[in-house]
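Q: I'll drop the sequence and a predicted model, then ask my questions.
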Amino acid sequence: MSRLSRRPLLRCALGATLVAATLMGNLAHAQSGKTIKLMVGFPPGGGTDAIARILAEPLKDALGATVVVDNKPGAGGQIAAQALKAAAPDGTTFFLSHDHSISILPLVMKNAGYEPAKDFVPVAGFATFVNAFAVSGGTPAKSFNEYVAWTQQQGKGSVGVPAPASVPEFLVKVIGGKYKLDLVAAPYRGSAPMMADMLGNQIPAGVASVPDFIENHKAGKLRVVAVLGDKRQAALPDVPTFAELGLAGFEDVPYYGIFAPAGTPAATIEAFGAALQKTLAQPDVRAKLTAMGLTVGFSSSQQLAAREASYAKVWARIIKETGFVPQ
């Protein structure tokens, strides 16, 4: 490429950089002296809370404003989602959420108290992840097939899930049907209390996200024996996918994104997205998120909206096939 032909590309790159800097500068000026709340719909100690805290400090630097994690646990993130709907669209309240609160709850409830497409604005996506099946340290099974055989010997089994009517609960239903097991999903108020019971051997197995399990798996306190998705996870290279084990149909992986109240100015959305993209470019941030089992990747507001719509369509079909009736 000649020096002359490179000049337009250089001008475009510089222009994009200046636009991003201007957007972040405008947001920082608008938020001067204010605190930005990054709401999380689960209690402290769980995977989503840990992810929010990894992002909060570098976002503070990128935005030039104080960013605090605001835990609003309960009802699988529904309480936080309703709080987002009620929040003023002034750029001081955002919601860090995975698929359950945004895509799943509106499918399994007659009235969730919010309509994502109407009440929220997607800001940006930052990662995808997979759910996993894990057994407690006191459970003798060392693999998923051994767990199936052990449960058949027991006659029935209980499996913890972070929230009722969640992807993990539907996975338990599908596993029970596939392997002719009498499995009961035991719902918790978030992954942290579920994890506490698993570590205390109060429940023999659980389904949650890889970020929820990863630290205790590496410490040998529980064992992840299978993961969803179309490929093995970099953080768990020895753990097979359910497709490898003969249970196909769970290849569409969930996502993490940030959302704002409807009516939030477009400039504010773009500025926060630019700050998040800058944050994800930091090697230490990417390393921390990757170590938790996330596949890190920035997606724009429009890309996140399309991802959510596609994911909801897939799970609407799966949920219907289980015979579940919205409550």
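A: Received it, and whenever you're ready, just let me know what you need.

Q: Would you mark the buried spots in stretch 277-288?
A: Using 16 or more other C-beta atoms under 10 Å as the test for burial, stretch 277-288 gives Gln277, Lys278, Thr279, Leu280, Val285, Arg286, Lys288. For glycine as for every other residue, the C-beta is placed from the backbone atoms N, C-alpha and C.

Q: Would you agree the last one is in contact with Ile54?
A: So the one you mean is Lys288. Yes: Lys288 is in contact with Ile54 according to C-beta atoms under 8 Å; the separation is 5.0 Å.

Q: in its sheet, what does the biggest strand by length in the chain sit against?
A: Criterion DSSP state E: the longest strand present in the chain is strand 120-128. If you go by DSSP bridges, strand 120-128 pairs up with strand 255-261 (antiparallel), strand 295-299 (antiparallel).

Q: so which of those comes closest to Gly200?
A: Comparing these by their distance to Gly200 (C-beta to C-beta), the top pick is strand 255-261, with 28.2 Å.

Q: Going by neighbour count, list what's buried in stretch 120-140.
A: Buried residues in stretch 120-140, counting neighbours by 16+ other C-beta under 10 Å, are found at 120-136, 139.

Q: Could you work out the end-to-end span of that stretch for me?
A: 45 Å (C-alpha to C-alpha, to the nearest Å).

Q: can you give me the mean pLDDT across that stretch?
A: Averaged across stretch 120-140, pLDDT comes to 96.

Q: cool, stretch 61-78 as well?
A: Mean per-residue pLDDT for stretch 61-78: 94.

Q: In helices only, show me the buried residues of stretch 277-288.
A: Gln277, Lys278, Thr279, Leu280, Val285, Arg286, Lys288 (DSSP state H).

Q: and of those, the nearest to Gly155?
A: For these, the closest approach to Gly155 (C-beta to C-beta) belongs to Lys288, at 42.5 Å.

Q: What lies in contact with the helix or strand hosting Ala80?
A: Element membership for Ala80 (DSSP states H and E) is helix 78-86. Outside helix 78-86, the residues within contact range by C-beta atoms under 8 Å, 6 or more residues apart in numbering are 39-41, 72-74, 93-95, 97, 101-102, 105, 109, 112-114, 116, 119-120, 259-262.

Q: residue contacts, the residue nearest to the spatial centre of the chain?
A: The centroid of the chain falls nearest to His98 when counting by C-alpha atoms, centre = their mean (3.0 Å). His98 makes contacts with Thr48, Phe129, Ser209, Pro254, Tyr255, Tyr256, Gly257, as judged by C-beta under 8 Å, 6+ apart.

Q: filter those to the buried ones?
A: Neighbour-count burial (16+ other C-beta under 10 Å) applied to these gives Thr48, Phe129, Ser209, Pro254, Tyr255, Tyr256, Gly257.

Q: Just give me the closest of those to Ala235.
A: After measuring these against Ala235 - C-beta to C-beta - the closest member comes out as Phe129, at 10.0 Å.

Q: Against Ala291, how distant is that closest one?
A: Phe129 sits 12 Å away from Ala291, going by C-beta to C-beta, to the nearest Å.

Q: What of Phe126?
A: Distance from Phe126 to Ala291, counting by C-beta to C-beta: 15 Å.

Q: circling back to that earlier point, of the contacts of helix 78-86, buried ones?
A: Neighbour counting with 16+ other C-beta under 10 Å marks 39-41, 72-74, 93-95, 97, 101-102, 105, 112, 114, 116, 119-120, 259-262 as buried within the contacts of helix 78-86.

Q: Inside helices: which ones of those residues?
A: Those of these mapping onto helices are Leu105, Pro116, Asp119, per DSSP H.

Q: Go through those and name the one nearest Ile318.
A: Among these, and counting by C-beta to C-beta, the member closest to Ile318 is Leu105, at 14.9 Å.

Q: List the contacts of the closest one.
A: Contacts of Leu105 (C-beta under 8 Å, 6+ apart): Gly76, Gly77, Gln78, Ala81, Ala112, Ala165.

Q: Need these in JSON lines (columns: distance to Ser299).
A: JSON lines is the format used below for these (distance: C-beta to C-beta, whole Å):
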{"residue": "Gly76", "distance to Ser299": "23"}
{"residue": "Gly77", "distance to Ser299": "20"}
{"residue": "Gln78", "distance to Ser299": "24"}
{"residue": "Ala81", "distance to Ser299": "20"}
{"residue": "Ala112", "distance to Ser299": "24"}
{"residue": "Ala165", "distance to Ser299": "26"}
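
Q: Which one of these is nearest to Gly273?
A: Among those, Ala81 lies closest to Gly273 (C-beta to C-beta), at 19.9 Å.

Q: How much space separates Lys288 from Val325?
A: Between Lys288 and Val325 the computed distance is 41 Å (C-beta to C-beta).

Q: quick one: the helices in this structure?
A: 3-30, 47-63, 78-86, 99, 105-108, 116-119, 144-154, 167-179, 191-199, 210-218, 266-280, 283-291, 301-321.
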